[in-house]
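Colleague: Can you look at this prediction? I've put the sequence above it.
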Amino acid sequence: MEEVKIGRVYRHFKGNYYFVENVAYDSENMERMVVYKPLYYREDSKNIWVRPEKMFLSEIGERPDNITGQKHRFELVDNIEKDYTKK
């Protein structure tokens, strides 16, 4: 499994973009946790989120809410070509 890139932007399969702040470690089992924040405005967008790296990079399979058509829950973005959140 690859590792998350700190300081980079990732796109969620539902279309929103997130900035990876850092990687932390769970104090109980030393699991790598991704620390990230949304790059959009919504009431909860001021929050900082954390998710296990394994889940952050997991394959999602076919889902009707996968509007980006990507293979993984979050994928690294080299450049933002399309704003998937706009209708």
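Modeller: Structure received.
Colleague: so who does the spatially most central residue of the chain touch?
Modeller: The centroid of the chain falls nearest to residue 74 when counting by Cα atoms, centre = their mean (4.1 Å). Applying Cβ atoms under 8 Å, 6 or more residues apart in numbering, we find residue 74 in contact with 10, 11, 12, 13, 18, 56, 57. C-betas here are computed from N, CA, C, even on glycine.
Colleague: switch the cut-off to 6 Å
Modeller: Going by Cβ atoms under 6 Å, 6 or more residues apart in numbering, residue 74 touches 10, 12, 56.
Colleague: Narrow those to just the buried residues.
Modeller: Using 16 or more other Cβ atoms under 10 Å as the burial test, these include 10, 12, 56 as buried.
Colleague: So which of the residues you listed belong to strands?
Modeller: 10, 12 (DSSP state E).
Colleague: Looking at the buried ones among the contacts of residue 74, which is nearest residue 38?
Modeller: For the buried ones among the contacts of residue 74, the closest approach to residue 38 (Cβ to Cβ) belongs to residue 12, at 9.1 Å.
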